[in-house]
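# All I have is the shape, not the residue letters:
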């Protein structure tokens, strides 16, 4: 019971089990625990830890996200209804692009993309100065570790030092996420939620946005009226002071102060209008960028030494070459995330199933078959180079690690010192 639900058995459950002499008593006890809602709560927590779930956006603002609990509940529900793992993967990476059977199914798949939306936010700006490349880096890093057991982010600035992952592989994946619109939860300097995905019907959303736009126009016009009135009064006050009209100066000064207070109140009301939620439910989820505009869907360029201010050649969106290098169809107009999700969930992918089986094994027995469950690469703590139906040669770096009679060469000693530094930088 501790393994499956995290809860101790009740005295009644213990008594019933001890009195049950049927040969399938243990199997029925396991089935009962698997059918318990507590099963999804217990094992959902393992997955939420892997995908670094939090109720806040991270970094310096660490702004709260009231809607993100819906993704947490989706994970728990997915486990309790035994959603197949390939669908579990697809819906988190591209639920907004998958077909749905009804409104409830559509809603659930949108909520599933909270995995992507929950990526860490950085900085204190909500405009063009926001460092989106850091959010995409966090996304690629977690995608590699969670689903593939690869430290992909080690290829951001250069080819991976140990695993066969190229810098172009990194920026091929980068294009999928730079082509995706992420919601903005708000920051201390701009406490407004933006680009959250509505769960209401399109006509209801359009009607609410029309009303809100009209309210903004009224508020903007009121601000203009107060600004113009304040400017006229300030000009009159200046003339009165130059003319030495003492009584007029006092009266105009009071009127300027009053108009300034009205202007401040109008601006505050306008800010409150921006912060006021629209009258429909939203979800912290993602959507594809369009094919037009400044931030449109498309390929990314290599960033020389990981610096977004130093763009290099453009890289077509594709899967890492070592895992097949599948490319997007020529007519793809969106982000391509559905193709990425299908490549990761493909039964032919050599890593996806092994990584999740290893995580389940670790959850039950305390240690995984690979003791570094998010790193199946050369620097993993334990690795099997031979598995059912496959035969993979050990990396040359490993086979050269010892000289005759078990000694260690000077070059290997230097390599190990470098390895420790690089590994520390990649973890």
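Noted; the coordinates are in hand. Predicted model, so just to flag it, every value in this text is computed and none were measured.
# quick one: residue 14 is in a helix?
Yes: remark: residue 14 belongs to a helix, assigned using DSSP: H, G, I helix; E, B strand; the rest coil.
# Give me the residue ranges of this structure where confidence is low.
Across the chain, the ranges flagged by pLDDT under 70 are 126, 291-294, 382-427.
# how about the strands in the chain?
With DSSP state E as the criterion, the chain has strands at 180-181, 197-198, 282-283, 287-288, 300-303, 311-315, 386-387, 390-391.
# and of these, who's closest to residue 97?
Between residue 97 and these, the shortest separation by Cβ to Cβ is 7.1 Å, and it involves strand 287-288. Placement of C-beta: from N, CA and C, glycine included.
# Adjacent strands (with direction) for the closest one?
Pairing partners of strand 287-288, with direction, according to DSSP bridges: strand 180-181 (antiparallel).
# distance between the partner strand and the chain's centre?
Averaging C-alpha coordinates over strand 180-181 and over its chain gives two centres that are 11 Å apart (Cα atoms, centre = their mean, to the nearest Å).
# can you put the strands of the chain in JSON lines and add distance to residue 209 and mean neighbour count?
JSON lines is the format used below for the strands of the chain (distance: least, Cβ to Cβ, whole Å; neighbours: other Cβ atoms under 10 Å):
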{"stretch": "strand 180-181", "distance to residue 209": "17", "mean neighbour count": "21"}
{"stretch": "strand 197-198", "distance to residue 209": "9", "mean neighbour count": "18"}
{"stretch": "strand 282-283", "distance to residue 209": "12", "mean neighbour count": "20"}
{"stretch": "strand 287-288", "distance to residue 209": "16", "mean neighbour count": "18"}
{"stretch": "strand 300-303", "distance to residue 209": "31", "mean neighbour count": "20"}
{"stretch": "strand 311-315", "distance to residue 209": "35", "mean neighbour count": "14"}
{"stretch": "strand 386-387", "distance to residue 209": "54", "mean neighbour count": "10"}
{"stretch": "strand 390-391", "distance to residue 209": "54", "mean neighbour count": "8"}
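# can you tell me which of the ones you listed comes nearest to residue 12?
Minimum separation from residue 12 across these (Cβ to Cβ) falls at strand 282-283, 40.0 Å.
# And for the closest one, what's in contact with it?
67, 70, 107, 110, 111, 114, 193, 196, 197, 198, 199 (Cβ atoms under 8 Å, 6 or more residues apart in numbering).
# do that again at 6 Å, thanks
The list of residues contacting strand 282-283 from outside it, by Cβ atoms under 6 Å, 6 or more residues apart in numbering, reads 67, 70, 110, 111, 196, 197, 198, 199.
# State the distance from the first one to residue 111.
Relative to residue 111, residue 67 is positioned 9 Å away (criterion: Cβ to Cβ, to the nearest Å).
# Between those two, which is the more surrounded one?
In this comparison of residue 67 against residue 111, neighbours counted by other Cβ atoms under 10 Å, the higher total goes to residue 111 at 28 against 21.
# about what we covered before: reformat the strands of the chain as CSV; add distance to residue 102.
CSV is the format used below for the strands of the chain (distance: least, Cβ to Cβ, whole Å):
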stretch, distance to residue 102
strand 180-181, 25
strand 197-198, 17
strand 282-283, 17
strand 287-288, 20
strand 300-303, 36
strand 311-315, 39
strand 386-387, 41
strand 390-391, 41
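# Relative to residue 96, which of these is closest?
strand 287-288 (5.9 Å).
# Run the chain-centre distance for that closest one.
Between the mean C-alpha location of strand 287-288 and the chain-wide mean there is a distance of 13 Å, by Cα atoms, centre = their mean.
# ditto for stretch 121-136
13 Å.
# Make 328 the starting number, not 1.
In the new numbering, first residue 328, that becomes stretch 448-463.
# What is the end-to-end distance of that stretch?
Start and end residues of stretch 448-463 are separated by 10 Å (Cα to Cα, to the nearest Å).
# neighbouring contacts of stretch 658-677?
Counting by Cβ under 6 Å, 6+ apart, the neighbours of stretch 658-677 from elsewhere in the structure are 413, 416-417, 420-421, 424, 474, 503, 506-507, 615, 618, 624, 644, 646, 653, 655, 679.
# circling back: let me have the contacts of strand 609-610 in JSON lines, adding distance to residue 583 as columns.
JSON lines is the format used below for the contacts of strand 609-610 (distance: Cβ to Cβ, whole Å):
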{"residue": "394", "distance to residue 583": "44"}
{"residue": "397", "distance to residue 583": "50"}
{"residue": "437", "distance to residue 583": "51"}
{"residue": "438", "distance to residue 583": "52"}
{"residue": "523", "distance to residue 583": "41"}
{"residue": "524", "distance to residue 583": "46"}
{"residue": "525", "distance to residue 583": "44"}
{"residue": "526", "distance to residue 583": "48"}
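# Tell me, how many residues neighbour residue 448?
When counting by other Cβ under 10 Å, one arrives at 27 neighbours for residue 448.
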